[in-house]
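**Q** sequence first, then the predicted structure:
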Amino acid sequence: MMKILIAIGSKEYSAPTLRVGMKIAKALNASTTIVDVGEKVSKFNAKVVGLAQERMDSWEFDRPGIDVLEWAFNFLAENNYISPKMVDAGFPKNTLVDTGGNRSEVYLKGTVCEDVQLILRNGNIIEELRNEVKSGKYDVTIIGGSGERRMAHDLVQYIDSSIFVVNQFNPNQTYRLLLAVDDSTGTKGAIKFGVRVAQAFNIDVDILTVSKVDTFGKGYKGAAERAGKMMGRIGINYQNLYRVGEPSEMIKKEAGDNHIIVMGASSKNPLMKFFKGSKPLKVMEDCHCPVLIVK
């Protein structure tokens, strides 16, 4: 079963991230975890926490980030993502279990996906998300299109799962899916995820193949043809686009602001990415639409 991690950070800006994440979770019937990384608990608060180990409702304060988790619960309730019994009982702060390592969790009974879990972590965002992905072995981590580009850049490079950056998502926009393919090892996975995302949003697909020279090699053509055949078998409307130019620039041009981009991750190691960059990172930084980088 696929496992999805949805990272939220605030009540003001996380609604698009949660909306997109749950839409994908519903389509895939995936095991879904929503995580909020709150501020690090101070030494004074940590001492108080130590005196009340069993139940959060016995604490005399709210752990940093608990309000965001409660907002996420209400979002799930309003959109019928959790069972009526869970909704009637209200936000289960009293069953939020401290699992150690700056982490607490609560399980909810899902209605449209296998299960839903709420997680609260406290500390550095990059470090805590990396630890959660590593321990939970998630297939996809969904994050918001933060204005802090460096943070998203680091998450894409150092988190060991596919990354969906929900950048400037407009729920009222009619999107198409832009699937970027080439002869790299990451294309096969990108095609599989592209099918799933297209199904989740019920949208048509543009399969984009970009060559820096005027000819398209056998590997490029083969990847485009395989992607088309898979879309056709599933019943997804698609078209193949062949463009000549710099890949990241062509992807940006074709994507505009009305596509969800799906592409494979770079095979370069982090040091090479730092000095030379990578196509997926360049696309993520430059494009004004959601981007899924498949690892």
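**A** Looks like it came in fine.
**Q** I'd like the distance between residue 223 and residue 238.
**A** For residue 223, the distance to residue 238 equals 14 Å [CB to CB, to the nearest Å]. Glycine gets a C-beta too; all of them are placed from N, C-alpha and C.
**Q** of the two, which one has the most company?
**A** residue 223 (25 against 21; other CB atoms under 10 Å).
**Q** need phi/psi at residue 98.
**A** Dihedral pair for residue 98: phi -80, psi 120, per degrees, to the nearest 10.
**Q** so it bridges to which residues?
**A** Beta bridges link residue 98 to residue 104 when assigned by DSSP bridges.
**Q** same thing with residue 181?
**A** Under DSSP bridges, the beta-bridge partners of residue 181 are residue 209.
**Q** can you pull the contacts of it?
**A** 187, 190, 191, 207, 208, 209, 220, 223, 224, 227 (CB atoms under 8 Å, 6 or more residues apart in numbering).
**Q** likewise residue 152?
**A** Going by CB under 8 Å, 6+ apart, residue 152 touches 143, 145, 146, 165, 284.
**Q** now what about the lengthiest helix in the chain, what contacts it?
**A** Longest helix of the chain, by residue count under DSSP state H: helix 218-234. With contact meaning CB under 8 Å, 6+ apart, helix 218-234 is reached by 179, 181-183, 187, 191-192, 194-195, 198-199, 205, 207, 209, 211, 237-238, 240, 242.
**Q** state the mean pLDDT of that helix.
**A** Average pLDDT, helix 218-234: 96.
**Q** output the contacting helices and strands for the helix or strand just after that helix.
**A** Using DSSP states H and E, the helix or strand that follows helix 218-234 in sequence is strand 238-244. Packed against strand 238-244, as judged by 3 or more CB pairs under 8 Å, 6 or more residues apart in numbering; DSSP states H and E, are the following elements: strand 205-211, helix 218-234, helix 247-255.
**Q** figure out which of these is closest to residue 133.
**A** Closest to residue 133 of the helices and strands packed on strand 238-244, according to CB to CB: helix 247-255, at 25.7 Å.
**Q** buried residues in that closest one, which are they?
**A** 247, 248, 250, 251, 252, 254, 255 (16 or more other CB atoms under 10 Å).
**Q** how many other residues sit next to the residue nearest to the first one when sequence neighbours are not counted?
**A** In this case it means residue 247. Leaving aside its sequence neighbours, residue 247 sits nearest to residue 210 (CB to CB, 6 or more residues apart in numbering; 4.4 Å). When neighbours are defined as other CB under 10 Å, residue 210 has 23 of them.
**Q** pretty sure residue 210 contacts residue 183?
**A** No. Counting by CB atoms under 8 Å, residue 210 does not reach residue 183; the two are 11.6 Å apart.
**Q** tell me the one among the contacts of residue 181 nearest to residue 108.
**A** Relative to residue 108, the closest of those is residue 190; by CB to CB it sits at 31.3 Å.
**Q** buried sites along the helix or strand containing the closest one?
**A** For residue 190, the host element (DSSP H and E) is helix 187-201. Neighbour-count burial for helix 187-201 flags 187, 189-191, 193-201 (criterion: 16+ other CB under 10 Å).
**Q** name the residues that touch that helix?
**A** Contacts for helix 187-201 (CB under 8 Å, 6+ apart): 23-24, 26-28, 140, 162, 175, 177, 179-181, 204-205, 223, 226-227, 230-231, 234, 236, 260, 262-264, 292, 294-295.
**Q** and the two most separated of the buried residues of helix 247-255?
**A** Longest distance between any two of the buried residues of helix 247-255 is 12.0 Å, between 247 and 255; criterion CB to CB.
**Q** for this structure, which segments count as helices?
**A** Shown for the chain, the helices assigned by DSSP H span residues 15-28, 43-51, 66-78, 84-89, 125-136, 149-158, 187-201, 218-234, 247-255, 270-276, 279-286.
**Q** dump these into JSON lines; add distance to residue 109 as well.
**A** Formatted as JSON lines, the helices of the chain follow (distance: least, CB to CB, whole Å):
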{"stretch": "helix 15-28", "distance to residue 109": "14"}
{"stretch": "helix 43-51", "distance to residue 109": "27"}
{"stretch": "helix 66-78", "distance to residue 109": "11"}
{"stretch": "helix 84-89", "distance to residue 109": "6"}
{"stretch": "helix 125-136", "distance to residue 109": "19"}
{"stretch": "helix 149-158", "distance to residue 109": "30"}
{"stretch": "helix 187-201", "distance to residue 109": "22"}
{"stretch": "helix 218-234", "distance to residue 109": "30"}
{"stretch": "helix 247-255", "distance to residue 109": "38"}
{"stretch": "helix 270-276", "distance to residue 109": "40"}
{"stretch": "helix 279-286", "distance to residue 109": "35"}
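**Q** understood, closing this out.
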